[in-house]
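1. with the input below, show me the fold.
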Amino acid sequence: MTSATSGSPGTGKSPVNLHRKASFAKATEPKGAKGAEKRPSWGRAARWRRSLATSRSPPDSRDEKPVSPGDRKITLSSTIIIPTHNGKPMLERCLAALQLAVAAAGESHTILVVDDASTDGTPDYLAHAFPSVKVLPLQKCGFARAVNSGVMQADSEAVVLLNNDVVMEPGCLKALLEALQEPEVFAVGAKFLSGEGGLEYVLGNRTRGVWKQGLLEILHETDPARLTVRAPQLYAQGSAVACRRKQFLDLGGFDTLYEPFYWEDVDLSYRAWKRGWKVLYEPNAVCRHFQSQTTERDYHGRYLQWISLRNAYLFHWKNLTDKRLLARHLALIPARAAGDILVGGRSEYSAFIAALRRLREAAARRVVERSFVVISDREVLRRTNGS
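-> Predicted coordinates for the structure are as follows:
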């Protein structure tokens, strides 16, 4: 048996901590009053919350590889892109560790902080404390657009996307880029530990997907024994991931359909798989993730869950090309909404209606993506140890 954590994908945050990213917008909902319940039970949407799940171990992939740090020389140059919005308190720890990782990786690497209209003095602080770090100042545009702007600004073969709440261990960058040099690899995700150095409840490790009640449920591996080998995974969490820059741009980058955040990293990796490219998990690229410090500061937990559920619908409508899977997904929508209402919730229905408002955008993107598909939905799950 293998233990896995089920959680909301997207920016690397869990449904309670929900994705990962520094959220890059002001709160659209104010924080609740003091004493408000911290983890509301929210009808059927609760399945998007972080919870431990146990499932049968999928068959081992022939692509699994035990690897040792430093097996191959790094020949790729990279730009490490850190999007931030009022994240000065987290940047010192992040950048100090990153500079050690850059030194250990050798070759030519650039650190680029994309400042999404911070008002906490981030640019001045960086100029004084980290003068070698480049800064790209932007007007307020949100997470996906900030990342995409940074990738377009870069001129390296590889780009490494890094959250400001992630602290790399010295060998992390080198291990990511070493794995990225494998043939047909588009992206490589890191091995995430909690801020305390553990694996329990940590999201983003050796991800896979299972179909459950018409939805793709993301599982995040937490069994240490299964986190020691390089292996394919469904998606590389955007908190710490190395990508081929050209392919990132060919995919159109992070899709702004999912704004303000969540599911954009799942979408990117999934589309890469369907074009025949690989996404890997790298066990030697170790980092610590102090999850969701900015999102939880700026947004209600309920709102975060609702966004994740809305974007889950958009992901399916945009990307599912298997007719039977898509038909089952659509057929079960009324049952999920009705079940949610019966237990006193309205999140499923509300998220569905919100997703419908973006259906035209999702449909337009679907038409574009279908022309690039060379691998089926079922084959993607098979190759990433899904079921």
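2. who's in contact with stretch 321-331?
-> 211, 214, 215, 274, 316, 320, 370, 373, 376, 377, 378 (C-beta atoms under 8 Å, 6 or more residues apart in numbering). C-beta here means a position set from N, CA and C on the backbone, and glycine is covered the same way.
3. please parse the protein into its domains.
-> Domains of the chain are assigned by automatic domain parsing as 78-298, 301-374.
4. so for the longest one, mean pLDDT?
-> Average pLDDT, domain 78-298: 94.
5. quick one: the strands in the stretch 151-300 of the chain?
-> Assigned by DSSP state E, counting those that start in this stretch, the strands in the stretch 151-300 of the chain fall at 158-162, 166-168, 185-194, 208-212, 215-221, 231-232, 240-244, 278-289.
6. sheet partners, orientation included, of the third one?
-> In the sheet containing strand 185-194, its partner strands are strand 240-244 (antiparallel), strand 278-289 (parallel), by DSSP bridges.
7. report the buried residues of it.
-> Residues 185, 186, 187, 188, 189, 190, 191, 192, 193 are the ones in strand 185-194 that count as buried (16 or more other C-beta atoms under 10 Å).
8. which of those sits closest to residue 269?
-> Nearest to residue 269 among the buried residues of strand 185-194: residue 187, at 6.1 Å, using C-beta to C-beta.
9. measure that closest one to residue 365 for me?
-> 19 Å (C-beta to C-beta, to the nearest Å).
10. angles on the backbone of the residue nearest to the spatial centre of the chain, please.
-> The centroid of the chain falls nearest to residue 237 when counting by C-alpha atoms, centre = their mean (3.2 Å). In terms of degrees, to the nearest 10, the main-chain angles of residue 237 are phi -60, psi 130.
11. so it touches residue 207, yeah?
-> Yes - counting by C-beta atoms under 8 Å, residue 237 does reach residue 207; the two are 7.2 Å apart.
12. touching stretch 169-183 from outside, list them.
-> Contact partners of stretch 169-183, identified using C-beta under 8 Å, 6+ apart, comprise 67, 69-72, 74-76, 78, 80, 97-98, 100-106, 109, 158, 160, 185, 187-188, 190, 230, 240-244, 278, 280, 282, 284-288.
13. CA atoms only: put that stretch into CSV for me.
-> Taking Å, rounded to 0.1, in the frame of the first residue of the first chain, the C-alpha atoms of stretch 169-183 are listed here in CSV:
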residue,chain,number,x,y,z
GLU,A,169,18.9,22.9,-0.2
PRO,A,170,22.3,23.4,-1.8
GLY,A,171,22.0,20.5,-4.3
CYS,A,172,18.4,21.3,-5.4
LEU,A,173,19.1,23.4,-8.5
LYS,A,174,21.8,21.1,-9.9
ALA,A,175,19.5,18.1,-9.5
LEU,A,176,16.6,19.8,-11.2
LEU,A,177,18.7,20.8,-14.2
GLU,A,178,20.5,17.4,-14.4
ALA,A,179,17.1,15.6,-14.8
LEU,A,180,15.9,18.2,-17.3
GLN,A,181,18.7,17.2,-19.6
GLU,A,182,17.1,13.8,-20.2
PRO,A,183,15.5,13.4,-23.7
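14. distance from the chain centre to it, please.
-> Taking C-alpha atoms, centre = their mean, to the nearest Å, one finds stretch 169-183 lying 18 Å from the centre of the chain it belongs to.
15. buried residues in it, which are they?
-> 169-181.
16. how about CSV for these, with distance to residue 312 added?
-> Listed next are these as CSV, based on distance: C-beta to C-beta, whole Å:
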residue, distance to residue 312
169, 32
170, 36
171, 35
172, 30
173, 31
174, 35
175, 31
176, 27
177, 32
178, 33
179, 28
180, 28
181, 33
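17. which one of these is nearest residue 311?
-> The shortest approach to residue 311 among those belongs to residue 176, at 26.0 Å (C-beta to C-beta).
18. for that closest one, give its distance to residue 352.
-> From residue 176 across to residue 352, the span is 37 Å (C-beta to C-beta).
19. of all the buried residues of stretch 169-183, which comes closest to residue 261?
-> residue 176 (22.4 Å).
20. which residue, other than its chain neighbours, is closest to that closest one?
-> residue 242 (4.0 Å; C-beta to C-beta, 6 or more residues apart in numbering).
21. same question for residue 121.
-> For residue 121, ignoring the flanking residues on the chain, the nearest one in space by C-beta to C-beta, 6+ apart is residue 88 at 6.5 Å.
22. now residue 87
-> Nearest to residue 87 is residue 164, by C-beta to C-beta, 6+ apart, at 4.3 Å.
23. would you turn the contacts of stretch 321-331 into CSV with distance to residue 337 and neighbour count?
-> Formatted as CSV, the contacts of stretch 321-331 follow (distance: C-beta to C-beta, whole Å; neighbours: other C-beta atoms under 10 Å):
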residue, distance to residue 337, neighbour count
211, 19, 17
214, 12, 17
215, 13, 21
274, 28, 20
316, 15, 20
320, 19, 19
370, 27, 11
373, 29, 15
376, 28, 13
377, 23, 24
378, 26, 13
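24. looking at the residues you listed, spot the one nearest residue 135.
-> Closest approach to residue 135 among these (C-beta to C-beta): residue 274, at 35.4 Å.
25. I'd like the distance between the closest one and residue 234.
-> Residue 274 sits at a distance of 12 Å from residue 234 (criterion: C-beta to C-beta).
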